[in-house]
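**Q** Next one to model:
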Amino acid sequence: MTTVSVNEAKTKLLELIHQLQPGDEVLITENNQPVARLTPAAQQPPRKLGTLKGTVTYMAPDFDAPLDEFKEYMP
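**A** Sure, this is the predicted structure:
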């Protein structure tokens, strides 16, 4: 893992981004303390639609009714 300071990251951000490979990380530090981590976006797993299908087992009959606190704003 590469470590760079905030100032170095500001001046070399484009270069750091273009050098990233899958699995690489760049740790950005300020006063020798980690403040951010730069990773390639392709490394994040894609979202899977429908994974929560069937998990809502009960829905109140008035779930979409206006809240009492907002009735004065409703026509």
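**Q** Look up how far Pro45 lies from Thr39.
**A** For Thr39, the distance to Pro45 (CB to CB, to the nearest Å) stands at 12 Å. (C-beta placed from N, C-alpha, C; glycine too.)
**Q** repeat for Asp24
**A** 17 Å.
**Q** ok, the two, which is more surrounded?
**A** Remark: of Asp24 and Pro45, Asp24 carries more neighbours, 14 against 5, as counted by other CB atoms under 10 Å.
**Q** What does the closest residue to that one other than its chain neighbours show for phi and psi?
**A** Closest residue to Asp24 apart from its sequence neighbours, by CB to CB, 6 or more residues apart in numbering: Pro40 at 6.6 Å. Phi and psi for Pro40, reported as degrees, to the nearest 10, are phi -70, psi 140.
**Q** How about the contacts made by Pro40?
**A** Residues in contact with Pro40 (CB atoms under 8 Å, 6 or more residues apart in numbering) are 20-22, 24.
**Q** Quick check on the residues you listed: which are buried?
**A** Leu20 (16 or more other CB atoms under 10 Å).
**Q** Least confident of the contacts of Pro40?
**A** Among those, Pro22 has the lowest pLDDT, at 85.
**Q** Could you confirm that one falls within a helix?
**A** No. Using DSSP: H, G, I helix; E, B strand; the rest coil, the assignment for Pro22 is coil, not a helix.
**Q** Against Gly50, how distant is it?
**A** 27 Å.
**Q** And Leu38, by the same measure?
**A** For Leu38, the distance to Gly50 - CB to CB - is 31 Å.
**Q** out of the two, which sits in the more crowded spot?
**A** Legend: neighbour count by other CB under 10 Å for Leu38 and Gly50, higher for Leu38 (16 against 6).
**Q** That one pairs with what?
**A** Assessed by DSSP bridges, Leu38 has beta-bridge partners Val26.
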